[in-house]
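K.L.:
I'd like to go over a predicted model; first the sequence, then the structure.
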Amino acid sequence: MQLLVSATTAHGITDTSGPGWIEVVDGMISASGASAPPRTADVHVEVLAPGFIDAQINGAYGADFASATDDDWTRIAARLPSTGVTAMVPTYITAPIEEVSQGVTAYARRRAGATSGTRLLPCHVEGPFLAPTRRGAHREELLVDPTPERVNALIDAGGDSLGYVTLAPERDGALEAIATFVAAGVRVSVGHSDADAATVSAAADAGATLVTHLFNAQSPLMPRRPGVVGAALADPRLTLGLIADLHHVQAEAIRLTFAAAAGRVMLVTDNVSAFGMPPGEYELGGQTLSVTEGEPPLRADGTLAGAAVRLDDCVANSVASGASIDQAIAGVTCVPARALGLDDLGHLRPGVAADFVVLDGALRTQQTWIGGELVFDRESPTVGD
């Protein structure tokens, strides 16, 4: 199939937005340009962007990935494109290392058999190598040091389906663990950490390249104790995950992050099973969460426990908070693609997969295409069923 799409405003063809076009052949972008198209377009849209990458998601539509069934995975992959998400990084949170390893192994098999819907990217393991003082919704009694045996168990379980691991670099053996993960092709993110800035820098020296949900569950920025937040904002080696739902992070912090870390902000949802569901009780890693209308998911003790937000709303919230549209869209496209080593995603350039979204003026998803196929159309909800 050959398709030519033109746009009044296109993101991802060049580093800045403007008029543009893409040509799709057999599920790939064969040509693109920031100019008038070479022929009359088959489709013209107002705002075109690469498909969105959610680099941290724990579950959705009533299912937690740790316990999701085949039907749950199929439903989630089919429904997420309505939010602009064309590729996702499932997250497995703290559990006994044997359970995490089993989950990652099962995911590797599932990923190999996936055939439709949102792309399944190498997964994220968040814990159990976290700081008890910054555990957030993670169970303290399950937190452990990253010993060589535990690290190698995860590496062996995941193979090329383990994308990155979040750990606290101040834990015993953490710097050695970072080097081991990186040598095995697994990226490392600093998170759920009480580390000082020097320890974060040492983690980056060892190979860490990411920070998990900046500002949340980590030592804050203080004038004489920069903490994880200060080190993350200052270190150009680190890509910063950010939950721009206006609950985890307020508008001023969003604006500060984009200003201080231009080109390094990766918007994530950190969604849990409550996403896309009515208020009620849901699960995250075996724990019960409560959701009330207009509020984020909470544990019984009031601790924030993931989110329930559309990724396209995170883009819109970032723009409303002071980021440019180019910055916000980069935060769900080329920034996570670069940070996670996804050379075939995140752009609208020749040689990458034809994953793209059509947005309205409010940056809400109107259409989503994966591999050159229309999988969601707001005007025709049955598309993709």
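P.N.:
Received, thanks. Residues are numbered from 1 along each chain as shown.
K.L.:
Show me where this structure dips below the pLDDT cut-off.
P.N.:
Along the chain, the parts satisfying pLDDT under 70 run over 381-385.
K.L.:
mind listing the helices for the stretch 1-150 of the chain?
P.N.:
Under the criterion DSSP state H, counting those that start in this stretch, the stretch 1-150 of the chain contains helices at 70-79, 97-113, 148-158.
K.L.:
Columns distance to Asp196 and mean neighbour count on top of the ones you listed, output as JSON lines?
P.N.:
Using the backbone N, CA and C atoms, a C-beta is placed for each residue, glycine as well. JSON lines is the format used below for these (distance: least, C-beta to C-beta, whole Å; neighbours: other C-beta atoms under 10 Å):
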{"stretch": "helix 70-79", "distance to Asp196": "38", "mean neighbour count": "17"}
{"stretch": "helix 97-113", "distance to Asp196": "27", "mean neighbour count": "17"}
{"stretch": "helix 148-158", "distance to Asp196": "23", "mean neighbour count": "18"}
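K.L.:
CSV for those helices, including distance to Gly285?
P.N.:
What follows is the helices of the stretch 1-150 of the chain, written out as CSV (distance: least, C-beta to C-beta, whole Å):
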stretch, distance to Gly285
helix 70-79, 15
helix 97-113, 10
helix 148-158, 16
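K.L.:
Which among those is found nearest to Glu295?
P.N.:
Ranking these by proximity to Glu295 (C-beta to C-beta) places helix 70-79 first, at 22.1 Å.
K.L.:
Nearest residue to the middle of this structure?
P.N.:
The chain has Ala55 as the residue nearest its centroid, 1.7 Å off, counting by C-alpha atoms, centre = their mean.
K.L.:
Correct me if wrong: that one contacts Arg338.
P.N.:
No: if you go by C-beta atoms under 8 Å, Ala55 and Arg338 don't touch, sitting 11.2 Å apart.
K.L.:
can you pull out the strands in the stretch 101-250 of the chain?
P.N.:
With DSSP state E, counting those that start in this stretch as the criterion, the stretch 101-250 of the chain has strands at 119-120, 123-126, 162-167, 187-190, 210-211, 239-242.
K.L.:
just so I know, which of those strands lies nearest Cys314?
P.N.:
Cys314 sits nearest to strand 239-242 of all these, at 8.1 Å, using C-beta to C-beta.
K.L.:
Please enumerate residues in contact with that closest one?
P.N.:
For strand 239-242, the surrounding residues in contact (C-beta atoms under 8 Å, 6 or more residues apart in numbering) are 55-56, 189, 191, 209-215, 232-233, 249, 254, 257, 261, 264-268, 331, 335-336, 338-339.
K.L.:
what element comes up after that strand heading to the C-terminus?
P.N.:
Counting by DSSP states H and E, the next helix or strand C-terminal to strand 239-242 is helix 251-260.
K.L.:
Output that following helix as CSV, nothing but the C-alphas.
P.N.:
The C-alpha trace of helix 251-260 is given here as CSV (Å, rounded to 0.1, in the frame of the first residue of the first chain):
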residue,chain,number,x,y,z
ALA,A,251,2.6,23.3,36.3
GLU,A,252,5.5,25.3,37.7
ALA,A,253,7.7,22.2,38.0
ILE,A,254,6.7,21.1,34.5
ARG,A,255,7.8,24.4,33.1
LEU,A,256,11.0,24.4,35.1
THR,A,257,11.9,20.9,33.9
PHE,A,258,11.5,21.7,30.2
ALA,A,259,13.4,24.9,30.6
ALA,A,260,16.3,23.3,32.6
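K.L.:
buried stuff in that helix?
P.N.:
By 16 or more other C-beta atoms under 10 Å, the buried positions in helix 251-260 come out as 253-254, 256-258.
K.L.:
just curious, which of those is nearest to Tyr61?
P.N.:
Tyr61 has its nearest neighbour among the buried residues of helix 251-260 in Ile254, at 26.2 Å by C-beta to C-beta.
K.L.:
so who does that closest one touch?
P.N.:
Going by C-beta under 8 Å, 6+ apart, Ile254 touches 242, 244, 317-318, 321-323.
K.L.:
What about those, which are in helices?
P.N.:
Using DSSP state H, the members of those that fall in helices are 317-318, 321.
K.L.:
and which of those is nearest to His11?
P.N.:
The closest of these, once distances to His11 are taken by C-beta to C-beta, is Ser318, at 13.6 Å.
K.L.:
Pretty sure His192 sits against Pro132.
P.N.:
No: the pair His192 / Pro132 is not scored as a contact, 9.2 Å apart, by C-beta under 8 Å.
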